[in-house]
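Trainee: Could you look at this predicted model? Sequence included:
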Amino acid sequence: MFYLRKKRDFYSKKAKQEGFRSRAAYKLLQIDKKFNIFRENQTIIDLCGAPGGFSQIARDQTQSKAAIFLVDMARVRPIPKITEIIQGDITQLDTIHLLQESIIKHGVEHREHIVLADCSPNVSGHWVTDHARQIWLAEVSLGISNYFLASAFLTKVFHGEYFKDLIAKIKEYYEVVKVHKPPTSRSSSAETYIVATKGKGRGKVKYNIAFLLLADEG
Ligand SMILES: C[S@@+](CC[C@H](N)C(=O)[O-])C[C@H]1O[C@@H](n2cnc3c(N)ncnc32)[C@H](O)[C@@H]1O
């Protein structure tokens, strides 16, 4: 326990010193070092991106040549060289329309898209509920990823009974699906990441319908 807290403090301090908005930045850096997901000229959608650590890493790993759109229901202070920050709930269609309009406005709709989703619900402390809510956010993110025909999709996921179902769904849309726990992530936590690549390009219709239904239920 003591060791884990120390590790957490270490990365929080490091983030502050190095100008990153959150220690989550180091998780994404470690994931990119392993899976090499970023390319210059991508359109990167950073769902649930506040306070902005993931976007900062995406920017740095692409030498500021990618278009980066951060979406979160929390307000985010401007981040240098991030294309646009959209405040909104990702489960609401209005937010997705705003995102789409913004991508078109910046003229980057024809670029390769990738979607990052580091979503955590407001935790209630009731594990089953928190797990179900988090999986739901990951599923909505998958729907968004599929809607934009993203070639790669990265999502956080809390381990639990719905984990396998989520993996199966992601496999419908991506050929390569890997489960990875970055070293920065506390080993005791239920959090892990799924990195899905080689999108099958089956978007814009099928999963979007499921996504609308899911969003309406919310
Ligand atoms: C762990 S934080 C993300 C950290 C971020 N990746 C970073 O690098 O700084 C989880 C975020 O999920 C956001 N979130 C949770 N539910 C959401 C929803 N329905 N729509 C938009 N954002 C949501 C929270 O506001 C919170 O900022």
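Mentor: Nice, thanks for sending it over. Keep in mind it's a predicted model, so treat the numbers as computed, not measured.
Trainee: okay, and the helix or strand of this structure with the least pLDDT?
Mentor: Across the helices and strands of the chain, mean pLDDT, DSSP states H and E gives its lowest value to helix 206-217, namely a mean of 46.
Trainee: Sort out which residues of the biggest helix by length in the chain are buried, please.
Mentor: If you go by DSSP state H, the chain has its longest helix at helix 127-147. Neighbour counts over helix 127-147 (16 or more other C-beta atoms under 10 Å) mark 130-131, 133-147 as buried. C-beta coordinates here come from the backbone N, C-alpha and C atoms, glycine included.
Trainee: cool, and stretch 36-56?
Mentor: If you call a residue buried by 16+ other C-beta under 10 Å, then stretch 36-56 has these buried ones: 37-39, 42-56.
Trainee: same check, this time on stretch 192-199
Mentor: Taking 16+ other C-beta under 10 Å as the neighbour-count basis, stretch 192-199 is seen to contain the buried residues T192, Y193, I194, V195, A196, T197, G199.
Trainee: Return the item of the residues you listed having minimum pLDDT.
Mentor: Ranked by pLDDT, the buried residues of stretch 192-199 bottom out at G199, which has 91.
Trainee: L142 is in contact with that one, correct?
Mentor: No: in terms of C-beta atoms under 8 Å, G199 does not count as a neighbour of L142; the distance is 11.0 Å.
Trainee: Overlap in contacts, the two.
Mentor: With contacts taken as C-beta atoms under 8 Å, 6 or more residues apart in numbering, G199 and L142 have F153, Y173 as neighbours in common.
Trainee: got a pLDDT number for the residue nearest the centre of the chain?
Mentor: To find the centre residue of the chain, average its C-alpha atoms and take the closest one (C-alpha atoms, centre = their mean): that gives A117, at 1.4 Å. Looking at A117, its pLDDT reads 98.
Trainee: measure the residue nearest to it when sequence neighbours are not counted to the ligand for me?
Mentor: Beyond its immediate neighbours in the sequence, the residue positioned closest to A117 (C-beta to C-beta, 6 or more residues apart in numbering) is S141, lying 3.4 Å away. Here the criterion is C-beta to the nearest ligand atom, to the nearest Å. By it, S141 lies 9 Å from the ligand.
Trainee: Before I go, just wanted to say thanks for your time.
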